[in-house]
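S.K.: Dropping the sequence and predicted coords here.
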4 protein chains.
Amino acid sequence: MKWSCIFKPITRANSSGCLNFTEKWLAVYRIIKRLTMTKKLVIIDTDCGIDDAQAIMMALAAPNLEVLALTCVFGNAAVENVCQNVLRVLSVCERQEIPVFQGCAGPLIGVNNPFSDHFGGDGLGDVIEDKDPQWKEKLHPEHAVNAMIRLASDYEKQVSLVALGPLTNLALAVRQDPRFPQKLRDLFIMGGNIEGKGNVTLCAEFNFAMDPESAYIVLEEFLCPTYLATWEYSGRNALTWEFFEELINQDAPAARFMKMVTSKCWAYSKEVMKNKRDVYFGPGFVSYDSYAMAACIDGSIVLESIECPVRVELQGSMTRGMLVLDRTSSLKKSHTVSVMSKCDVAKFGQLLMESLRQP
Amino acid sequence: MKWSCIFKPITRANSSGCLNFTEKWLAVYRIIKRLTMTKKLVIIDTDCGIDDAQAIMMALAAPNLEVLALTCVFGNAAVENVCQNVLRVLSVCERQEIPVFQGCAGPLIGVNNPFSDHFGGDGLGDVIEDKDPQWKEKLHPEHAVNAMIRLASDYEKQVSLVALGPLTNLALAVRQDPRFPQKLRDLFIMGGNIEGKGNVTLCAEFNFAMDPESAYIVLEEFLCPTYLATWEYSGRNALTWEFFEELINQDAPAARFMKMVTSKCWAYSKEVMKNKRDVYFGPGFVSYDSYAMAACIDGSIVLESIECPVRVELQGSMTRGMLVLDRTSSLKKSHTVSVMSKCDVAKFGQLLMESLRQP
Amino acid sequence: MKWSCIFKPITRANSSGCLNFTEKWLAVYRIIKRLTMTKKLVIIDTDCGIDDAQAIMMALAAPNLEVLALTCVFGNAAVENVCQNVLRVLSVCERQEIPVFQGCAGPLIGVNNPFSDHFGGDGLGDVIEDKDPQWKEKLHPEHAVNAMIRLASDYEKQVSLVALGPLTNLALAVRQDPRFPQKLRDLFIMGGNIEGKGNVTLCAEFNFAMDPESAYIVLEEFLCPTYLATWEYSGRNALTWEFFEELINQDAPAARFMKMVTSKCWAYSKEVMKNKRDVYFGPGFVSYDSYAMAACIDGSIVLESIECPVRVELQGSMTRGMLVLDRTSSLKKSHTVSVMSKCDVAKFGQLLMESLRQP
Amino acid sequence: MKWSCIFKPITRANSSGCLNFTEKWLAVYRIIKRLTMTKKLVIIDTDCGIDDAQAIMMALAAPNLEVLALTCVFGNAAVENVCQNVLRVLSVCERQEIPVFQGCAGPLIGVNNPFSDHFGGDGLGDVIEDKDPQWKEKLHPEHAVNAMIRLASDYEKQVSLVALGPLTNLALAVRQDPRFPQKLRDLFIMGGNIEGKGNVTLCAEFNFAMDPESAYIVLEEFLCPTYLATWEYSGRNALTWEFFEELINQDAPAARFMKMVTSKCWAYSKEVMKNKRDVYFGPGFVSYDSYAMAACIDGSIVLESIECPVRVELQGSMTRGMLVLDRTSSLKKSHTVSVMSKCDVAKFGQLLMESLRQP
């Protein structure tokens, strides 16, 4: 790493032209931290529902990761809720120094999709009562898309982008800066599917279904190394409900928080899921976004992948948003992605377990 | 069975108003045959390529089936070739008394799909040299669609329809006579797919891809009991190439014919298929249409099925023609079909083996 | 005309193999009629609403036309109603000798479109009380599609087909007999639009919108001379409401019938149409189907036409069913059609006026 | 206007945190200019081809307009060429103080449309030889989308946005700042069509066809007063080729520039256009973008408009990108736009003529 790159955060001005005291202090803090160990730099783009919260905690707990920024997008809840959820997670883990950026409020084409109630109306199980009235001031004023572009330019080829929600921010970023993808080190996505089975629609997975055009753009134009944790991958590598009980009953703030937000949420009810997901994959507890994050933290967790070109269907009446794998090269694409197919469930469970022992 | 129904074939006039000698004799023959044993009545709608030929032979060899008619449709070859292929198969098996009807020459909407060369340009491996110059005269003059409607009316609720090609004839039949489906006993289809994997296009199986609209119509409007042998079902229940060798090397006219037509055909080449189909299902020999026919002959061959509503995607840019299973009832359809999922491969192999010991 | 052709109707058997007395008599009657004058032979395919009734009367009144058959299709009403309406019109005009055939009950792809109430629930203004309980027996037993194919073969290159409803019967005919279009003399269609303005949907005209796929098929595969009377053509060549009053107040059974069926129909209300159609074309009375029929009766009524290739849009979310004119040859089609653009309104009014002075 | 607003440009820092000498000088210049007269503030978003150049010159010549910024987008040429073309036009008119911003290089969804050669490969007739090697440094470093958002916020409700190219920059702006449209005073667009006639595709106008999704977004989400100058509007209000000759033969730098860039361009050839555009509208010279700009400069030039909701078709196979007018309110939209239908051609010609007498 070059020195100029390290000191950039200090010398670069914010939008009003100067650095305030807190910002300067944080910049110095980050530089020192960066100098003392070599970590993987990460931006997490999230529509922070419960499983995003779990995945973010996993990142915060990982000793080999440095989270540069959290960028928010609509999805599991309205983007304003997502921002508050992210701030809450950082607060639980006592990591408020990480900057949070507000991003897009709706899908690229703008057709109104109602938000999922998968994780409650606020994305975190509708159980939090002490909302922070000052949340807006705790956000960084820059737009998520501009922040992504700036950070990828500052730390060229060093940033892993982990995308846990609809891919709208990423699509805007490449449209605004066509060189954005090649400035990334790699990209981990939770989204899409392998076998034409969907969760929110008949054939499409939630994150892709919420903004098919952005998913299409990202998988066509992000030519950096790309790793997909799909719905079937997470569903087929579920953990047991017994594991879940043990996980949230650990004695630590993060575990207690997770126990609280999952307490009234149907997506964490063994009985409800029996009629919803188990028809495809059998019983089990699934923390979707964590599978993508785990692959970023420790690549050896992914035991098998299908390496092939992929494309998102945009036009189908039932298949819009479905991911299509091109295993016989009929699309004539040169770029391939890694579609995870087999997970080291034991290792993955270990990461999950540790992530809730925070701060 | 009522007597009036049995004697109808004699009293019903052909298109010129009277029965000629041969027709009378055949009608009497069929009546006697029908009186002496209770058989399942079958119409086979076929785009007679090599695997259709195999499936037809299986039907002809089945002691519990009576083939009322063979109706031809474009698909593996032009419909004129298909007619000649069907007549040839009947000739090999010495069953020329079964009437053959020419049907549709192209898909419902009429967009030109080039024919597949899967089984050679003529559908039977391009090895037959002694074409019959009189084939047209051996066809029944009635159009396949009218013949289907007539037979289903004559033998109401008694006819099993086995569809081995694009479903164009069936779609026209229901459009012309909306009560046609309810006059059938049941319907067996080779076509469609379960996991979004295609063979001719990225996401669609050949028979459905050749005429997606007809497949859509049949699966929406044929409310009779319906059984689907899909691409994945056949692919996942493949036989070994050793079995194939034994199969075609039997000492009988049917086996010798099958050995001849598969001799130069890449679809029966172990090496070629390694790069085409085996990427999905592993190695093996697959006689697609025979799986649908086997289910009609002996239901116990199908060990497991998924019973659910289905629909064909018509609009996708990559998914047009793909079969969608609605396992969570989001389409609000009342009609379900049986999508075969597990096959008694031993029994199936037995049926195949016997079918080539003809005549 | 060859003698063999003239006598064919006598020697050809009906579906039960023989001619009954009435049929023989009618056949002889038609032969004599044909021998005494040279007339244009016409098949009228109709979804008999009020304007179809008017167009049929125009055909019956035309001294240079011989109506060979009336084939019925769903559209302005259910096909069973359409059949009864056609029989009623023939009865009013005392022309019951013309055979009527029942055709398709719904569009090609079969998605349920509710019927229009443009001309009332029964298609003829919901005012007829003395329904004929024997109407089914007065229909010819042959299906409309088979009748079309048979007549076009019997009178090859002599029949003008005038299509006044959704084009489903025509699409089935070409699919069953690919040579059907080239056996026709010419084809007159009421349907489609020129300027992207629709009546039932934002961009599509009623007859095309009711079955876009059939309209597509007909305009792609009917390579006979084809003449289109579009919605804009009829709308821009409207007659005055004063003319309408004079028309239906003539002293003749046909006029009295037309006065009765339009009496309570909003589509013939000057006030209602002000808010519906007049926004596009200004005020006036429009008898849609009559424009196509008039062009068949007397080509000189069409003062100007655009001669170009056309295609029907099948996929648009707002434009499905819209007719597209290819005036700059970008579709690379070799076949062109005549899209009528300017009408001799005086002559047209004269034909209308005479048509209601029957029988 | 508030003082804080006027001085903002001075106090606001550029991206490197400080103002250089030239920038400060320009800011002061603009403030003085603003204080001395009340002008309409304008941002011009352009894909600067020849007719954009003409429209920009018209804006620069208008005494009642102040051009705040020129934002560039791909379209008539690659966005890099567009930037150079805009700088060139400003140079010819000696107005280099107006800032120019580079925007999007391709359409929202990113499917590659080849650029039009309508105005030559470089958008300005391929005749300019002395390209400026320093053009990049003359661009403002901010992205066009960010500049638009910033200016609309600085001068809330005061800015008229005139969009002369594909609407990609506008779509990104509303996605990044959902309040952007309501901060605008009004919006003038050259694009779309009224009668389903297209120029680049069968049914779509160039600017909309180049990025249908962005056109859709803008017409759904920009709820500010919106005025459309469509293809048919410009085509039906063409000027004569004699006028064109007089126009470019004026004795002024701007006229000489326009004469040069149109000299070898087929779109300004009377003979070529006879086969292309005249089939629809008859002969004449059409400066498309100038019609939108003229409406912004002097509303009285638009003699008649259709006020109704509109929507862009996204899915058609031939109609993708077509503008649909909803004159009968079937889309249930509350927002309407003004679709210009009749132009005061004399006044318009006058504006054109004056615009080339610069600087």
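M.R.: Arrived safely. Residues are numbered from 1 along each chain as shown, chains lettered A, B, ... in the order given.
S.K.: use CA for all of it now, contacts and neighbours both
M.R.: OK.
S.K.: With A:S317 as the reference, measure out to the spatially closest residue to A:W266 that is not a sequence neighbour.
M.R.: Nearest non-adjacent residue to A:W266, counting by C-alpha to C-alpha, 6 or more residues apart in numbering or on different chains: A:V272, 6.3 Å away. If you measure A:V272 against A:S317 using C-alpha to C-alpha, to the nearest Å, the figure is 28 Å.
S.K.: tell me which parts of chain A are close to chain B?
M.R.: A:195-197, A:202-203, A:276, A:279, A:313-320, A:324-328, A:330 (C-alpha under 8 Å from any C-alpha of the partner chain).
S.K.: buried subset of the residues you listed?
M.R.: A:195-197, A:202-203, A:313-320, A:324-328 (16 or more other C-alpha atoms under 10 Å in any protein chain shown).
S.K.: Could you give the backbone dihedrals for the most centrally placed residue in chain A?
M.R.: Chain A has A:L164 as the residue nearest its centroid, 2.4 Å off, counting by C-alpha atoms, centre = their mean. Main-chain torsions, A:L164, degrees, to the nearest 10: phi -110, psi 0.
S.K.: residues touching it, list them.
M.R.: Contact analysis of A:L164 by C-alpha atoms under 8 Å, 6 or more residues apart in numbering or on different chains lists A:I44, A:D45, A:T46, A:D47, A:D52, A:I189, A:M190, A:G191, A:N207, A:D289, A:A292.
S.K.: Please repeat the previous calculation with a cut-off of 10 Å.
M.R.: A:44-49, A:51-52, A:55-56, A:72-73, A:75, A:188-191, A:207, A:229, A:288-293 (C-alpha atoms under 10 Å, 6 or more residues apart in numbering or on different chains).
S.K.: A:F281 now?
M.R.: Here A:F281 is in contact with A:E232, A:S234, A:G235, A:R236, A:N237, A:A238, A:K274 (C-alpha under 10 Å, 6+ apart).
S.K.: Filter the residues you listed down to the buried ones.
M.R.: Buried among the contacts of A:F281 (16+ other C-alpha under 10 Å): A:E232, A:S234, A:G235, A:R236, A:N237, A:A238.
S.K.: Look at the spatially closest residue to A:R311 that is not a sequence neighbour and tell me its secondary structure.
M.R.: In this structure, A:R311 finds its nearest non-sequential neighbour in A:V324, 5.3 Å apart by C-alpha to C-alpha, 6+ apart. What DSSP: H, G, I helix; E, B strand; the rest coil gives for A:V324 is strand.
S.K.: my guess is A:V324 meets B:G316, correct?
M.R.: No. Counting by C-alpha atoms under 10 Å, A:V324 stays clear of B:G316, with 11.3 Å between them.
S.K.: anything in contact with each of those two?
M.R.: Contacts common to A:V324 and B:G316, judged by C-alpha under 10 Å, 6+ apart, are A:E313, B:C203.
S.K.: Quick check: A:W231 touching A:S290?
M.R.: No. The pair A:W231 / A:S290 is not scored as a contact, 11.8 Å apart, by C-alpha under 10 Å.
S.K.: Mutual contacts of these two, please.
M.R.: What both A:W231 and A:S290 touch, as defined by C-alpha under 10 Å, 6+ apart, is the set A:M190.
S.K.: Show the pLDDT at whichever residue of chain A sits closest to chain C.
M.R.: Residue nearest to chain C within chain A (C-alpha to the nearest C-alpha): A:Q315, separated by 9.9 Å. Predicted confidence (pLDDT) at A:Q315: the value is 89.
S.K.: Would you mind pulling the contact partners of the helix or strand where A:V261 lies?
M.R.: In this structure, A:V261 sits in helix A:253-262 according to DSSP states H and E. Residues from elsewhere that reach helix A:253-262, judged by C-alpha under 10 Å, 6+ apart: A:49-51, A:53-54, A:57, A:88-89, A:91-94, A:119-120, A:123-128, A:244-250, A:263, A:268-269, A:353-359.
S.K.: at 6 Å what do you get?
M.R.: A:L124, A:G125, A:I248, A:L356, A:Q358 (C-alpha atoms under 6 Å, 6 or more residues apart in numbering or on different chains).
S.K.: Return the distance of the second one relative to A:D51.
M.R.: Same thing as A:G125. For A:G125, the distance to A:D51 - C-alpha to C-alpha - is 11 Å.
S.K.: now do A:D154
M.R.: 30 Å.
S.K.: Please identify which of the two sits among more neighbours.
M.R.: Higher neighbour count among A:D154 and A:D51: A:D51, with 23 against 17, using other C-alpha atoms under 10 Å in any protein chain shown.
S.K.: so that one sits right up against A:F285, yeah?
M.R.: No. Between A:D51 and A:F285 there is no contact under C-alpha atoms under 6 Å: 11.1 Å.
S.K.: What is the burial count for A:K138?
M.R.: With other C-alpha under 10 Å as criterion, A:K138 counts 15.
S.K.: While we're on it, how confident is the model there?
M.R.: Confidence for A:K138, expressed as pLDDT, is 95.
S.K.: and if you look at A:T36?
M.R.: 58.
S.K.: give me the element the residue nearest to A:W266 is part of.
M.R.: Going by DSSP H and E, A:V272 is part of helix A:270-276.
S.K.: can you check A:M340 too?
M.R.: strand A:337-343.
S.K.: After that strand, heading C-terminal, what element do we hit next?
M.R.: Criterion used, DSSP H and E; the element after strand A:337-343 is helix A:345-355.
S.K.: can you list contacts of that following helix?
M.R.: A:M57, A:M58, A:A61, A:L247.
S.K.: could you flag which of these are buried?
M.R.: Looks like the contacts of helix A:345-355 have A:M57, A:M58, A:A61, A:L247 buried, using 16+ other C-alpha under 10 Å.
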